[in-house]
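Visitor: sequence below, structure please.
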Amino acid sequence: MIGKLTGAFIGVVPDGALIEVEGVGYAVRVPALALANMQKEKQVSLFIHTAVREDAIDLYGFPTQDELIFFKQLLSVSGIGPKSALGILNVADVETLKHSIAAGDNSMLTKVFGIGKKSAERIVVELRDKLALESSAKGEKIAVGTDGEVVEALMALGYSAAESRSAVKEIPKEIKGVKERIAASLRYLGTGLQS
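Guide: This is a model prediction of the structure:
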């Protein structure tokens, strides 16, 4: 399996770049932004994901390990293949996508050709908790708005992202303010009625 390629950028091929490493040219599918940046460089280095199918072996390349890791996270979602995952990476930078998914927002994902509302919702459902925990472990703020702040506060108190979001969903919208919604969420979590 190929893990990383470092070589000369020698041209554009459909969906990617042609990288020459010691006389061998590798066709590598890359995100659009990476391809644009590579065209300015003579020497490039890419972290590689090798996708083996019955009729083909495809290489997917990323300038950073974070992009490769996120690509693999997308592949872990049922129904999302390498081409769809690469399409998602073409919509925005990785951090923006992660924050969007962690906040439960699927609007960016529906911009990708071949990903409908149901697929976008599945991606959010399957990755939201992982990305929210990853973001909070880095000390990043992951969500916006009152409910986002409530979820972050509950997570800081030791509740999981799933428990926190579940509690917030049960709080009536008539209860306004961050402090009031945190208190109501804690009462809900304390009753042991959450599923």
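Visitor: and residue 171, backbone torsions?
Guide: Dihedral pair for residue 171: phi -80, psi 130, per degrees, to the nearest 10.
Visitor: which strand or helix spans the closest residue to it other than its chain neighbours?
Guide: Among residues not flanking residue 171 along the chain, residue 184 sits closest, at 4.6 Å (C-beta to C-beta, 6 or more residues apart in numbering). Where C-beta positions appear, they are placed from N, C-alpha and C, glycine not excepted. Assigned by DSSP states H and E, residue 184 falls within helix 178-191.
Visitor: does the residue nearest to residue 57 when sequence neighbours are not counted count as helix, strand or coil?
Guide: Nearest non-adjacent residue to residue 57, counting by C-beta to C-beta, 6+ apart: residue 50, 6.6 Å away. Three-state assignment for residue 50 (DSSP: H, G, I helix; E, B strand; the rest coil): strand.
Visitor: and the gap between the residue lying closest to residue 7 once chain neighbours are set aside and residue 5?
Guide: Leaving out its chain neighbours, the residue that sits closest to residue 7 by C-beta to C-beta, 6+ apart is residue 21, at 3.6 Å. Residue 21 is 6 Å from residue 5, where distance means C-beta to C-beta, to the nearest Å.
Visitor: more neighbours: which of the two?
Guide: residue 5 (19 against 12; other C-beta atoms under 10 Å).
Visitor: got any ranges where this protein has weak pLDDT?
Guide: Residue ranges of the chain with pLDDT under 70: 132-148, 161, 192-195.
Visitor: do a quick rundown of the helices in it.
Guide: 32-38, 65-75, 82-89, 94-102, 117-137, 145-156, 161-170, 178-191 (DSSP state H).
Visitor: which residues does residue 29 contact?
Guide: Residues in contact with residue 29, defined by C-beta atoms under 8 Å, 6 or more residues apart in numbering, are 15, 16, 58, 59, 60, 61, 82, 83, 86.
Visitor: bridged to the closest residue to residue 1 other than its chain neighbours, which residues?
Guide: In space, and not counting its chain neighbours, residue 1 is closest to residue 50: 5.2 Å by C-beta to C-beta, 6+ apart. Residues in a beta bridge with residue 50, per DSSP bridges, are residue 59.
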